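A.B. asks: curious how this folds, go ahead:
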Amino acid sequence: IKNKSEIKINIKMNNEIKLSIVIPVLNEGENLKILLRILKGVVDTDHEVLVVHDIPDDDSIPVVKDMQKNYPGLKLVHNQLGRGVINAIKAGVNNASGEYVLTIAADDIGPLMAIEDMVILMDGGCDLVNATRYAHGGKNVGGVFVSKLLSKLANKMFHVLSGSSLTDPTFGVKMFRREMFNKLHLVSNPVGWAVAFEFAIKAQAAKWKLGEVPLISLNRLYGEGKSSFKLNWVKEYLRWFFWGLKNLLLSGKKSKVMVRIPKRIRK
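C.D. replies: Residues are numbered from 1 along each chain as shown. Down below sits the predicted model:
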């Protein structure tokens with residue numbers, strides 16, 4: 001018969017959460033209703049969901065509270081570190097308990113179908129798995145045409161000029177080891193998802209073990225999409241574009257990337 005200490009240890013191990021899903025929001029209530037329902041149905045990995053809001057009257061809050069009774073592990077996190085995605089992600093990671101952390105946007109349901117494939121790559125030894133819309137069968141559907149065009153061109157140029165191992169470093173869909181997050185010292189200005197670009201570049205410069213999973217991005221079901229062609233956005237992305245050119249080229253040998261293609265988009 002097992003003694004009490006052994007029983008306590010086993011219970012603790014069985015209750016460990018493997019994946020923390022961090023979702024920054026700003027009045028994404030309508031999109032969140034759909035995303036959370038799909039998320040609950042398609043993710044088999046033991047997980048928690050951290051919906052991170054900046055403002056106390058965000059319309060995402062009542063949606064989460066209403067769904068919490070049927071979704072164990074669904075939590076609200078009030079970001080008090082400062083406005084913007086970078087601070088929301090930091091607040092989410094600070095409150096996460098999973099071995100892995102996934103960052104996704106509330107207005108894109110496409111990444112949900114790739115989560116299990118990303119977990120498999122993480123289990124295989126990756127430190128960062130970056131989703132891609134521009135390689136291995138990935139696609140970018142919906143959203144503002146100008147933003148999509150700029151995104152595709154920028155990622156392609158950066159991949160070619162810098163020798164980047166990742167094909168879509170600006171994409172915010174990333175899974176990584178929670179314990180390694182603070183080692184990158186992310187300092188982006190709170191402009192869009194610029195932090196995702198900084199993250200991908202610094203992870204490569206630090207020689208993290210990388211993975212990529214292609215997916216079909218289906219963004220912005222409700223609400224108007226916004227063009228990223230704004231001066232402050234362009235300046236911030238260019239800042240990291242040139243930082244990456246300098247540091248990745250100087251870092252030497254290109255890192256290898258483990259690629260896993262989900263069954264849904266295999267030919």
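A.B. asks: show me what contacts Asp248?
C.D. replies: Quick fix: residue 248 reads Leu, not Asp. Counting by Cβ atoms under 8 Å, 6 or more residues apart in numbering, Leu248 makes contact with 162-164, 201, 204-205. Yep, even glycine has a C-beta here, placed from its N, CA and C like the rest.
A.B. asks: next one: the helix or strand where it lies to chain centre, how far?
C.D. replies: In this assignment (DSSP states H and E), Leu248 forms part of helix 231-250. Helix 231-250 sits 20 Å away from the centroid of its parent chain (Cα atoms, centre = their mean, to the nearest Å).
A.B. asks: check stretch 75-86 too.
C.D. replies: Its chain's C-alpha centre and that of stretch 75-86 lie 15 Å apart, by Cα atoms, centre = their mean.
A.B. asks: and for stretch 119-133?
C.D. replies: Worked out by Cα atoms, centre = their mean, stretch 119-133 lies 11 Å from the chain centre.
A.B. asks: what's the average pLDDT for that stretch?
C.D. replies: Averaging pLDDT along stretch 119-133 yields 98.
A.B. asks: report the buried residues of it.
C.D. replies: The neighbour-count check on stretch 119-133 (16 or more other Cβ atoms under 10 Å) flags 119-122, 126-133 as buried.
A.B. asks: list of residues touching that stretch?
C.D. replies: Against stretch 119-133 from outside (Cβ under 8 Å, 6+ apart): 18-19, 45, 100, 111, 114, 118, 138-140, 151, 166-169, 171, 173-177, 180, 199-200, 203, 208-217, 258, 260.
A.B. asks: and the end-to-end length of that stretch?
C.D. replies: 18 Å (Cα to Cα, to the nearest Å).
A.B. asks: next one: stretch 97-114
C.D. replies: 21 Å.
A.B. asks: including neighbour count, distance to Val77 and secondary structure, could the contacts of Leu248 go into JSON lines?
C.D. replies: Compiled in JSON lines, those are given as follows (neighbours: other Cβ atoms under 10 Å; distance: Cβ to Cβ, whole Å; DSSP: H, G, I helix; E, B strand; the rest coil):
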{"residue": "Ser162", "neighbour count": "23", "distance to Val77": "34", "secondary structure": "helix"}
{"residue": "Gly163", "neighbour count": "17", "distance to Val77": "37", "secondary structure": "coil"}
{"residue": "Ser164", "neighbour count": "22", "distance to Val77": "31", "secondary structure": "coil"}
{"residue": "Ile201", "neighbour count": "24", "distance to Val77": "26", "secondary structure": "helix"}
{"residue": "Gln204", "neighbour count": "25", "distance to Val77": "28", "secondary structure": "helix"}
{"residue": "Ala205", "neighbour count": "17", "distance to Val77": "29", "secondary structure": "helix"}
